[in-house]
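Participant: Sequence plus the predicted model coming up.
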Amino acid sequence: AQTSIMPLSFTEGSYKIKAEYRGLTKTTTVGIIDPLKLSDGALLILDKQVYGLGETVLLTGLLPPTGDNSVSISLTKPDGSTINSGATVDNQRFSWSWIAPITEKPLAIKLDDRSVSKTNYGIYKIHVSASSHGKDVFFKVSSDPENDSLSLIPLYVSTEKSLYKAGEKLKVIGNIIKREQGSEGLVIPARITILVIDGKFPYKQIHAASVYPDQGGNFQSLFELPITVFSEGEYKVRASYSSKQADSTFTIANDFSFGSDEKLSLLLATDKSEYYPGDMVNISGKPNKLIYLEQFDVSVIQKIDGEITCGSFYCGKHLGPVTTIRPSSSGSFSHQIQISDSPSSLGSYEITVDAGFETKSLMFDVVEKPIILESKKSPLTIIEKVNRILENKISITTNEKTIDDNQVLPRVLSGSLLTAKANQSDVNLRISSESGVCIIGPEKNCLVQDSTKKPGQIYESVSVDGVNLKVRYSGPDVYLEKFDILPELSTDFLPNVTWNVDVIKDDQASRFYYKINYKILE
């Protein structure tokens with residue numbers, strides 16, 4: 001039997017249901033609640049938390065039974081400006097919508113420390129008020145809403161990148177959200193103190209600054225990273241506002257040697273070892289110690305087959321036209337060489353650099369650009385993507401299959417983990433093989449634990465279950481943790497196995513994305 005629970009017939013409380021059949025009796029108790037009776041104030045729901053430019057923000061609300069016929073709604077933008085509107089209440093319910101700006105604002109000129117460039121990106125606040133109460137809800141407008149998230153921690157600070165070279169400028173960025181009930185909720189008049197401190201005990205303070213946030217709560221500051229002050233290692237940025245404090249860690253790479261007996265030498269590198277006709281060669285160099293230099297003399301020649309070269313050893317003189325380059329303040333130089341886009345440019349080249357105290361040389365090759373024939377009917381590669389996985393255990397199978405009548409084999413497995421910047425050090429990835437070998441992860445038994453990007457290298461070669469693989473990894477403690485796994489040889493494919501991905505976290509929010517690149521067999 002069924003009974004309709006009508007509001008006019010039933011009030012909140014406990015009810016007893018009694019059934020009788022041929023002298024048998026059975027009773028049970030049920031409770032009835034009023035969903036429109038809200039003890040914690042209004043219920044406000046947005047259709048999502050992060051929007052892109054031009055998207056519609058949809059807010060729905062449910063009010064307590066106060067008899068209000070309308071609500072006042074104010075929208076506070078990241079620059080502090082507000083838009084006031086309202087909505088009609090029908091049976092305690094209301095809805096409201098707003099279209100996000102369709103374009104980004106043009107950059108404003110910075111006049112002083114208090115004025116910063118205005119932007120349509122950032123955190124917005126909606127304040128809904130009725131006769132007896134008010135409530136806030138926040139959302140974010142982002143240039144990349146698919147891979148962004150909303151963080152509402154009271155004070156957040158970070159650096160523009162996690163790794164800096166000594167001599168660069170450190171850019172500190174942050175945001176503060178002051179949740180107030182008034183329409184001025186995001187306006188913060190006080191200063192924020194920013195400290196740059198050594199990451200090792202006794203945590204010596206190196207830099208300090210006080211900055212004003214803009215009306216949207218955003219703040220930033222620039223600091224010098226002198227080569228003689230910032231040795232290689234970890235450092236911290238600490239932001240303080242009122243009683244709140246937030247830290248962020250960054251790393252300094254310093255190739256210079258100070259106070260050591262190491263012999264003075266010239267460090268040279270090119271961005272690649274092989275180029276195609278028409279490419280640009282980027283060469284850079286510097287001494288391993290900070291010394292005064294007048295100039296670097298650079299020459300490049302194309303080698304003749306059978307000719308003896310210096311290679312990476314010491315040379316005595318230039319063999320081609322010389323270009324003189326003035327060093328930077330840190331004693332380094334960079335130079336670009338344009339390769340001719342013609343068949344005659346193929347071959348080996350030698351770069352010679354004279355720094356005064358030493359002359360060194362290194363080689364690079366120009367090879368023929370491979371010709372890739374692509375079918376007009378279908379591409380050579382098919383990509384399968386899976387987005388926004390919230391679980392912390394994911395199984396990914398790479399095997400031979402048929403897609404759109406094409407027989408394909410897996411070539412590359414790529415994945416990325418997105419989490420709030422405040423949680424990036426506590427949320428990490430672990431990727432294991434089907435047999436349980438940890439390929440990427442923070443544990444000591446994992447084959448790859450840190451970023452694989454090193455001078456002249458972006459991949460690390462590993463052997464897993466008898467298969468040689470190349471692994472590319474961003475490293476842990478980054479906003480977007482990414483990896484690529486592919487066979488070591490370009491002619492091979494990934495094995496037909498299941499890869500196990502673990503998102504190491506407690507209750508933090510995260511989203512995992514992955515894609516598999518398949519190559520079509522012809």
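Facilitator: Happy to help now that I have it. Numbers count the residues shown, from 1 in each chain.
Participant: which residues of the stretch 401-522 of the chain fall in strands?
Facilitator: Along the stretch 401-522 of the chain, the segments classed as strands by DSSP state E, counting those that start in this stretch run 401-403, 406-419, 428-432, 438-440, 460-464, 467-473, 480-487, 497-504, 510-520.
Participant: Of the ones you listed, which is nearest residue 269?
Facilitator: With respect to residue 269, and counting by Cβ to Cβ, the nearest of these is strand 460-464 at 18.7 Å. (Each C-beta comes from the backbone N, C-alpha and C, glycine too.)
Participant: now the helix or strand containing residue 135: mean pLDDT?
Facilitator: According to DSSP states H and E, residue 135 maps onto strand 134-141. Mean pLDDT, strand 134-141: 88.
Participant: now it: how far from the chain's centre is it?
Facilitator: Here strand 134-141 is found 24 Å from its chain centre; the criterion is Cα atoms, centre = their mean, to the nearest Å.
Participant: List of residues touching it?
Facilitator: By Cβ atoms under 8 Å, 6 or more residues apart in numbering, the residues outside strand 134-141 that reach it are 41-42, 44, 46, 48-53, 57, 59, 78, 100-101, 120-129, 148-150, 152, 177, 179, 181, 185.
Participant: Tell me the buried residues in it?
Facilitator: The neighbour-count check on strand 134-141 (16 or more other Cβ atoms under 10 Å) flags 134, 135, 136, 137, 138, 139, 140, 141 as buried.
Participant: and the next helix or strand after it, what's its mean pLDDT?
Facilitator: Using DSSP H and E, the helix or strand that directly follows strand 134-141 along the chain is strand 155-159. The average of the pLDDT scores along strand 155-159 is 85.
Participant: Please tell me how far the helix or strand following strand 155-159 is from the chain's geometric centre.
Facilitator: Scanning forward in sequence from strand 155-159 by DSSP H and E, the next helix or strand is strand 163-165. Taking the mean of its C-alpha atoms, strand 163-165 sits 16 Å from the chain's own mean (Cα atoms, centre = their mean).
Participant: okay, the strands of the stretch 401-522 of the chain in TSV with distance to residue 173, mean pLDDT and mean neighbour count next?
Facilitator: Listed next are the strands of the stretch 401-522 of the chain as TSV, based on distance: least, Cβ to Cβ, whole Å; pLDDT from 0 to 100; neighbours: other Cβ atoms under 10 Å:
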stretch	distance to residue 173	mean pLDDT	mean neighbour count
strand 401-403	43	82	12
strand 406-419	18	88	20
strand 428-432	23	93	21
strand 438-440	28	95	23
strand 460-464	31	92	16
strand 467-473	25	92	19
strand 480-487	16	91	20
strand 497-504	26	92	18
strand 510-520	22	88	19
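Participant: so which of these gets nearest residue 381?
Facilitator: With Cβ to Cβ as the yardstick, what comes closest out of these is strand 510-520 (5.6 Å).
Participant: Neighbouring strands - and their directions - for that closest one?
Facilitator: strand 381-389 (antiparallel), strand 406-419 (antiparallel) (DSSP bridges).
Participant: Next, the buried residues of the first one.
Facilitator: Using 16+ other Cβ under 10 Å as the test for burial, strand 381-389 gives 382, 389.
Participant: Can I get it in CSV, CA atoms only?
Facilitator: Taking only C-alpha atoms (Å, rounded to 0.1, in the frame of the first residue of the first chain), the coordinates of strand 381-389 have been written out as CSV:
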residue,chain,number,x,y,z
THR,A,381,47.6,8.4,-34.6
ILE,A,382,44.4,8.0,-32.6
ILE,A,383,44.2,9.4,-29.1
GLU,A,384,41.8,8.1,-26.4
LYS,A,385,41.2,10.5,-23.5
VAL,A,386,39.6,10.0,-20.1
ASN,A,387,39.0,13.2,-18.0
ARG,A,388,38.2,14.3,-14.4
ILE,A,389,38.7,11.0,-12.5
